[in-house]
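Q: Provided below for reference: sequence and predicted model.
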Amino acid sequence: MRLEYFQMIDRVTAVDPESIAAEAVVPAESPVFEGHFPGHPLVPGVLLVETMAQASGYMLLARFGFARMPFLSAVKDAKFRSFVVPETRLEVAAKLEHDGSGYAVTKASIAVAGKRICDAELVFRTLPFPAPELEAAMRAQAVRIGIGGPIGGGLHGP
């Protein structure tokens, strides 16, 4: 994880058009922890939501073959069950619930050592890429985290 750059996913372990599994390791140090909280560093819940959204987004990019960009538009029923501290290995998962009419809905979760610590339903607006630089950056980031090249219009995992 590179919290300051909003690069939340370290590695995709599996992806198909309807689900994704990924890993993220919270860094030992980050400027985020200087304010959240001094002497008791915790990952902010909003960054856990962002982590789930990014995993969902990569699954949707794979599903769309990079033809559309998913933009987070709603977070529903988010639940946080435990604190997340530096150096924690997160298991991130998402499943597609709906795709159509320019929107996609996923159910996503984060677990630590198999124990669920948070989950939410996430809604995305799916639009053509607004800039070629964004598409190029998303493709490069997908390769960095282990999503392979095009297969049958989509992407495949490692």
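A: Arrived safely, thanks for sending.

Q: what mean pLDDT does stretch 49-57 get?
A: On average, the pLDDT along stretch 49-57 is 98.

Q: run through who's touching that stretch.
A: By CB atoms under 8 Å, 6 or more residues apart in numbering, the list of residues contacting stretch 49-57 from outside reads 1, 6, 8-9, 20, 22, 24, 70, 72, 75, 78, 90, 92-94, 104, 106, 108-110, 118-120, 122, 124. In this view, the C-beta of every residue, glycine as well, is placed from N, C-alpha and C.

Q: how about the nearest residue to L96, chain neighbours excluded?
A: E18 (4.4 Å; CB to CB, 6 or more residues apart in numbering).

Q: quick one: neighbours of that neighbour, just the number.
A: 14 (other CB atoms under 10 Å).

Q: quick one: contacts for it?
A: M59, R63, K95, L96.

Q: report the separation between it and L48.
A: Distance, E18 to L48, using CB to CB, to the nearest Å: 22 Å.

Q: confidence score at the residue nearest to L96?
A: 97.

Q: please renumber the chain so that the first residue is 371 from this point on.
A: I'll keep to 371 as the first residue from here, and by that count the last item is E388.

Q: buried subset of the contacts of E388?
A: Buried members of those, counted by 16 or more other CB atoms under 10 Å: M429, R433, L466.

Q: who are the packing partners of the helix or strand encompassing V445?
A: V445 belongs to strand 439-450 when assigned by DSSP states H and E. Where contact means 3 or more CB pairs under 8 Å, 6 or more residues apart in numbering; DSSP states H and E, strand 439-450 is packed against helix 415-434, strand 485-497, helix 502-514.
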